[in-house]
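**Student:** quick one, structure for this:
(2 chains)
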Number of protein chains: 2
Amino acid sequence: MKTITLAKTASLLLSNDNFHILTHRYPDGDTLGGAYALCYALRALGKKANVKVNGKVADKFSDFTAIYEDQDFLCEYVVSVDVAAMSLLGDLHDEYCDKIDLCIDHHGTNSVEAKCGIVDASSAAACEIIFELIKELNVEFTREITNAIYTGVSTDTGCFCYSNTTAKTHRIASQLMDIGCDWQKLNQKHFETKSRAKLKLERMLYDTMEFYCDGKCAIIYTTLAMQKELGTSDDEIEGIASIPRQVEGVKLGITMREKEDGTFKISVRTNCGIDASAFCARFGGGGHVAASGCSIEGDLDTVKDMLVKAAMETL
Amino acid sequence: MKTITLAKTASLLLSNDNFHILTHRYPDGDTLGGAYALCYALRALGKKANVKVNGKVADKFSDFTAIYEDQDFLCEYVVSVDVAAMSLLGDLHDEYCDKIDLCIDHHGTNSVEAKCGIVDASSAAACEIIFELIKELNVEFTREITNAIYTGVSTDTGCFCYSNTTAKTHRIASQLMDIGCDWQKLNQKHFETKSRAKLKLERMLYDTMEFYCDGKCAIIYTTLAMQKELGTSDDEIEGIASIPRQVEGVKLGITMREKEDGTFKISVRTNCGIDASAFCARFGGGGHVAASGCSIEGDLDTVKDMLVKAAMETL
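**Tutor:** I've put the predicted structure just below:
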């Protein structure tokens, strides 16, 4: 992938048309916010553009899909937003794997096979890059665009709390608020509301919590049976990954989620510089230093034992 | 109280010496952060200044007291920071009630009896005013000062999440991060760490949660026996009041805490404009529209029944 500047990225977008914008699987606020903001900006420039959503959109992000309509055209240019690796293309992989023209991302480990791309690991969210890009494109920041970007920036930083937050993140937030966005409504929805099912899930999770390595490692899990009993959506399960790391003294917090395909989706969150990415690389995964993930096949006890063994070697 | 400008406030501080800086009772991050930041700034100007802490400082704010030493001098000028009313002077009331020269605050309802003051209700935190004031005083922002101000700004806005956050709040945060402050360590401590005791407390609280009025009212409680079993400090119990309101659909969230004196301390948090203050006034309490409190004498079931009855009449 050829690395290009923001200015070159803007000029590529200006000189092309009929865009498909790809999001990553298990779409979160950043990939959705970035993709929709870019889509609205391209449409404002008189171009045709559609967002290709990758799997089910969580209820809390339904605002994006509620106000959006697909356009009818033949795709000529493919852009991926917040997609760090080809495997994250999920349902979109087969159709687009050899067709990505432009990759816009903020994961330092980005390995997307695209013709060219802008990958800025100093951005807390892909939406920070999208924000600068839309300024470069000289498109007016409508309410839809500011809301989409605020959603990405705030959700990827845990509302400006996580260690990936930067001075730039705050500057962008202040500009979005100055321009006008529904940040109060968005914060309420994303950070201050829990469904009853989520609440039950948390109680169950607390009951599964086990500590290892003198309390430096905490593990929680959900099984399919638990998820079924609770009627919890995938949406509600997202976000639980931060729970074990929050406990005083924990440096390595591991969350195991049983999936239908016989694997466990593992989310790792760390404190004190423990490398979550290296930890997950042992199991074929990766991500950021403080937040990474991987998938492991096996039953609960086997997978847990593998993780505990790796934790002991890491800590 | 005569209202003065930021420039006049700075000039008053520059032309006086031997300061006592007052905080409010149950001191939080904003009153402590603002008072210590101002104290360090005045000392940097070669003046003598002490912070008068009002009651016990929570463990999470112990950094302030750990690096601070009282100076020896006779007080000549008294400044209050983040104190909204004389009653909030607590232990300091009798000594200082008729001696406050300057009041610095951000509560629109401020009723402090001071010679003069700067009250800016557009600031999310008193520390936002202190930040501008220290710039006006032309004092260098040391690590101690930036950390103190970041603490006030971030804790009073729930880490930039609550509805009092403004574009200015984000701009100040970005400047503090540019100058250099330990915001990651501070966020970790204030927003992302739960003691195991707090975790256990939350589990117990979730087990006590009951819903009334078609899920519009949620009630949780702690008893003395529970608190004893957990060994939870008052510090840890603070903050639990927001739990019931966070549940989807809840408009009236009630938290009951059994006290040693045979009463329950009731905290009420509301959504959607339900008047918490009017609710608590039924029991001789009061506060803000969305956050109020009262005390009720009686055993658990009696007090709960009274609250449920009042909730039914309110909703």
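**Student:** can you pull the contacts of residue A:118?
**Tutor:** By C-beta atoms under 8 Å, 6 or more residues apart in numbering or on different chains, the contact list for residue A:118 reads A:3-6, A:9, A:102-105, A:129. (C-beta placed from N, C-alpha, C; glycine too.)
**Student:** which of those residues fall in strands?
**Tutor:** A:3, A:102-105 (DSSP state E).
**Student:** okay, the residues you listed in TSV with neighbour count next?
**Tutor:** Shown next, in TSV, are the ones in strands among the contacts of residue A:118 (neighbours: other C-beta atoms under 10 Å in any protein chain shown):
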residue	neighbour count
A:3	10
A:102	24
A:103	27
A:104	28
A:105	27
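**Student:** what is the nearest of the contacts of residue A:118 to chain B?
**Tutor:** residue A:129 (17.4 Å; C-beta to the nearest C-beta).
**Student:** ok, the closest one - contacts?
**Tutor:** Residue A:129 is in contact with A:6, A:34, A:104-106, A:118, A:120, A:123, counting by C-beta under 8 Å, 6+ apart.
**Student:** distance of it from residue A:201?
**Tutor:** 33 Å (C-beta to C-beta, to the nearest Å).
**Student:** please apply the same query to residue A:142.
**Tutor:** Residue A:142 is 36 Å from residue A:201, where distance means C-beta to C-beta.
**Student:** quick one, which of these two is more surrounded?
**Tutor:** Relative neighbour count places residue A:201 above the other of residue A:142 and residue A:201, with 22 against 16, counting by other C-beta atoms under 10 Å in any protein chain shown.
**Student:** that one is in contact with residue A:223, isn't it?
**Tutor:** No. Residue A:201 sits out of contact with residue A:223 when judged by C-beta atoms under 8 Å, with a separation of 11.7 Å.
**Student:** what does stretch A:259-266 contact?
**Tutor:** Where contact means C-beta under 8 Å, 6+ apart, the residues beyond stretch A:259-266 that reach it are A:221, A:224, A:254-258, A:280, A:283, A:285, A:293-298, A:300, A:303, A:307.
**Student:** try stretch A:146-153
**Tutor:** For stretch A:146-153, contacts defined as C-beta under 8 Å, 6+ apart pick out A:29-34, A:36-37, A:40, A:61, A:63-64, A:82, A:124-128, A:130-131, A:134, A:169, A:172-173, A:176, A:179-183, A:186, A:190.
**Student:** averaged pLDDT, it. What do you get?
**Tutor:** For stretch A:146-153, mean pLDDT rounds to 98.
**Student:** just the buried ones out of the contacts of stretch A:259-266, please.
**Tutor:** A:221, A:254-258, A:280, A:283, A:285, A:293-296, A:303, A:307 (16 or more other C-beta atoms under 10 Å in any protein chain shown).
**Student:** just those residues: which are in helices?
**Tutor:** A:280, A:303, A:307 (DSSP state H).
**Student:** please enumerate the helices of chain A.
**Tutor:** Per DSSP H, chain A carries helices over the ranges A:6-14, A:29-44, A:62-66, A:93-96, A:126-136, A:143-156, A:167-179, A:183-191, A:196-208, A:224-230, A:234-237, A:276-281, A:300-314.
**Student:** which one of the ones you listed lies nearest to residue B:74?
**Tutor:** Of all those, helix A:167-179 sits nearest to residue B:74, with 42.0 Å by C-beta to C-beta.
**Student:** let me know the pLDDT of residue A:240.
**Tutor:** At residue A:240, pLDDT is 87.
**Student:** with the one 10 residues further on instead?
**Tutor:** According to the predicted model, the pLDDT of residue A:250 comes to 94.
**Student:** same question for residue A:119.
**Tutor:** For residue A:119, the model assigns a pLDDT of 97.
**Student:** just residue A:234 next, same as before
**Tutor:** 64.
**Student:** chain neighbours aside, what residue packs nearest to residue A:132?
**Tutor:** residue A:6 (5.8 Å; C-beta to C-beta, 6 or more residues apart in numbering or on different chains).
**Student:** for the one you found, which residues are in contact?
**Tutor:** Here residue A:6 is in contact with A:118, A:129, A:132-133, A:136 (C-beta under 8 Å, 6+ apart).
**Student:** pick the one among those residues closest to chain B.
**Tutor:** residue A:132 (15.1 Å).
**Student:** worst mean pLDDT among the helices of chain A?
**Tutor:** Among the helices of chain A, helix A:234-237 scores lowest, with a mean of 64.
**Student:** now the ones in helices among the buried ones among the contacts of stretch A:259-266 in a markdown table, with distance to residue B:313?
**Tutor:** Shown next, in a markdown table, are these (distance: C-beta to C-beta, whole Å):
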| residue | distance to residue B:313 |
| --- | --- |
| A:280 | 54 |
| A:303 | 52 |
| A:307 | 52 |
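**Student:** will you turn these into CSV that also has distance to chain B?
**Tutor:** CSV is the format used below for these (distance: C-beta to the nearest C-beta, whole Å):
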residue, distance to chain B
A:280, 20
A:303, 24
A:307, 20
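**Student:** so which of those residues comes closest to residue A:267?
**Tutor:** residue A:280 (9.0 Å).
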